[in-house]
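Novice: sequence and computational prediction follow.
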Amino acid sequence: MIEFIETTKEFQVGQSTVKALNHINLTVQKGDIFGVIGFSGAGKSTLIRTVNLLEEPTAGQVLVNGINLTSLSKKQLREEKKKIGMIFQHFNLLNSKTVFENVAMPLELAGTQKTIIESQVSEVLAFVGLEDKANRYIDELSGGQKQRVGIARALVTKPKILLCDEATSALDPQTTKSILELLKRVNIEFSITILMITHEMEVIRDICNRVAVMENGQIIEEGNVLDIFSAPKEDTTKNFVQSVVRDDIPLSIYEQLKENNGSKRVYNMKFIGVDVGQPVVSQVAKRFNVDVNVLFGNITELQGIPFGHLIVELVGPKAEIQKAFLYIQHKNIQMEEVSAHEGERANHYRRSVGYAVHG
Ligand SMILES: Nc1ncnc2c1ncn2[C@@H]1O[C@H](COP(=O)(O)OP(=O)(O)OP(=O)(O)O)[C@@H](O)[C@H]1O
């Protein structure tokens, strides 16, 4: 568990003071994959670096499993730091050494016996899938392989916590996915709590169970990933969510509604943690005298739970549409009617913020 209690960090830059962290209060529970997201300069790096004292808070505290590391002797601090691994955006590996030597380094610095080093390094290299690369030099590896070496080096001391500082930001999307899958395995197979900072909402969506949004050295919103994705409150959070879950309705759908004579109604069906739409859609078509056309959709998965929306058109007699509407609502699916009038407002808004208008 990691607890930030009124954690504050100021940097003195010439005559002025930069408040990188401004009274942060945040708890990362054991077993979490906790993501902190924010734009550049929000204070994310400073925050994560206070956990292993790469940065020391100027006020407030950071407790790691109940211990304030600033209160420890040098020897105790060395022991506690072994329980905190860290990986970096640019890997921080030594190019002049082999994969094996890089991974072995934390154990060598701790004076571990050679035979134990050999077995522990082999074990973590096998875990990250690089057992056949032990004697290669870092320069000979791809970005994804380098990050695997970084993860192996972080795991070799058998930590309880792993800090990830923009660990996938230098990698292509495919490699990012494989590294995130590896981090998920680290969390599950070794029960390691992960605290990661990122500016990419995809990373939060793909592996985190909790998220905090940072701005100007403060946490502006925090919660479990499903809650934050389904009901973001702050504008910055809404922007991050929009970057991966587009829930805006294409303008072409509003255009179609302008020519509507009342025999069809268009609805936005929102799925949050309920069965995916297709069975409901086919049930409605069978039970009621209505045709159901799916016009647009965007369904993704968050922690194995379907999440997203479908724009459907119900065509038929008014009374049947009403019955179908109530039936769907009864299935715990939020239904909002889409009106042509709304489209004009949406169009105006999108143009005013320079949004790419699709449809
Ligand atoms: N060593 C330092 N000396 C002076 N100012 C610093 C130092 N480190 C960070 N800052 C300042 O603190 C603020 C927060 O920086 P930080 O690097 O933590 O943000 P970030 O969210 O991680 O951004 P990025 O993603 O760009 O690294 C910024 O205004 C930055 O300029």
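Specialist: Good, I have the coordinates.

Novice: from now on I want contacts and neighbour counts done on CA atoms only, so please keep to that.
Specialist: Fine.

Novice: how is this structure divided into domains?
Specialist: Following automatic domain parsing, the chain resolves into domains at 2-244, 251-352.

Novice: once you drop chain neighbours, what's closest to Glu3?
Specialist: In space, and not counting its chain neighbours, Glu3 is closest to Thr27: 4.6 Å by CA to CA, 6 or more residues apart in numbering.

Novice: look up how far Phe240 lies from that neighbour.
Specialist: 22 Å (CA to CA, to the nearest Å).

Novice: please identify which of the two sits among more neighbours.
Specialist: Phe240 (20 against 14; other CA atoms under 10 Å).

Novice: element containing that one?
Specialist: helix 235-244 (DSSP states H and E).

Novice: identify the residues contacting that helix?
Specialist: Contacts with helix 235-244, where a contact means CA atoms under 8 Å, 6 or more residues apart in numbering, come from Glu200, Met201, Glu202, Val213, Glu221, Ile228, Phe229, Pro232.

Novice: swap in 7 Å and give it another go.
Specialist: Met201, Glu202, Val213, Phe229, Pro232 (CA atoms under 7 Å, 6 or more residues apart in numbering).

Novice: for stretch 17-26, same thing?
Specialist: 3-12, 43, 46-47, 217-219.

Novice: 8 Å instead, please
Specialist: Contact with stretch 17-26 is made by 3-12, 42-43, 46-47, 60, 216-219, as judged by CA under 8 Å, 6+ apart.

Novice: ok, the residue of the stretch 51-200 of the chain found nearest the ligand to His90 distance?
Specialist: Per CA to the nearest ligand atom, the residue of the stretch 51-200 of the chain with the smallest distance to the ligand is His199, at 6.9 Å. His199 sits 15 Å away from His90, going by CA to CA.

Novice: ramachandran angles for Leu54?
Specialist: Leu54 adopts backbone torsions of phi -70, psi -30, taken as degrees, to the nearest 10.

Novice: please apply the same query to Val290.
Specialist: Dihedral angles (degrees, to the nearest 10) for Val290: phi -140, psi 150.

Novice: ok, now the one 10 residues further on?
Specialist: The main-chain torsion angles of Thr300 are listed as degrees, to the nearest 10 and equal phi -130, psi -170.

Novice: how about the one 10 residues further on?
Specialist: Its backbone dihedrals place Leu310 at phi -130, psi 130, with angles given as degrees, to the nearest 10.

Novice: quick one: contacts of the host helix or strand of Val280?
Specialist: Using DSSP H and E, Val280 maps to helix 277-287. Contacts with helix 277-287, where a contact means CA under 8 Å, 6+ apart, come from Phe271, Val290, Asp291, Val292, Leu310, Ala324, Tyr327, Ile328.

Novice: show the contacting residues for the nearest residue to the fifth one once chain neighbours are set aside.
Specialist: By the measure of CA to CA, 6+ apart, the closest residue to Leu310 outside its immediate chain neighbours is Gly297, 4.2 Å from it. If a contact means CA under 8 Å, 6+ apart, then Gly297 has Gly308, His309, Leu310, Ile311 as its contacts.

Novice: using the three-state scheme, assign the second one.
Specialist: I take that to be His309. strand (DSSP: H, G, I helix; E, B strand; the rest coil).
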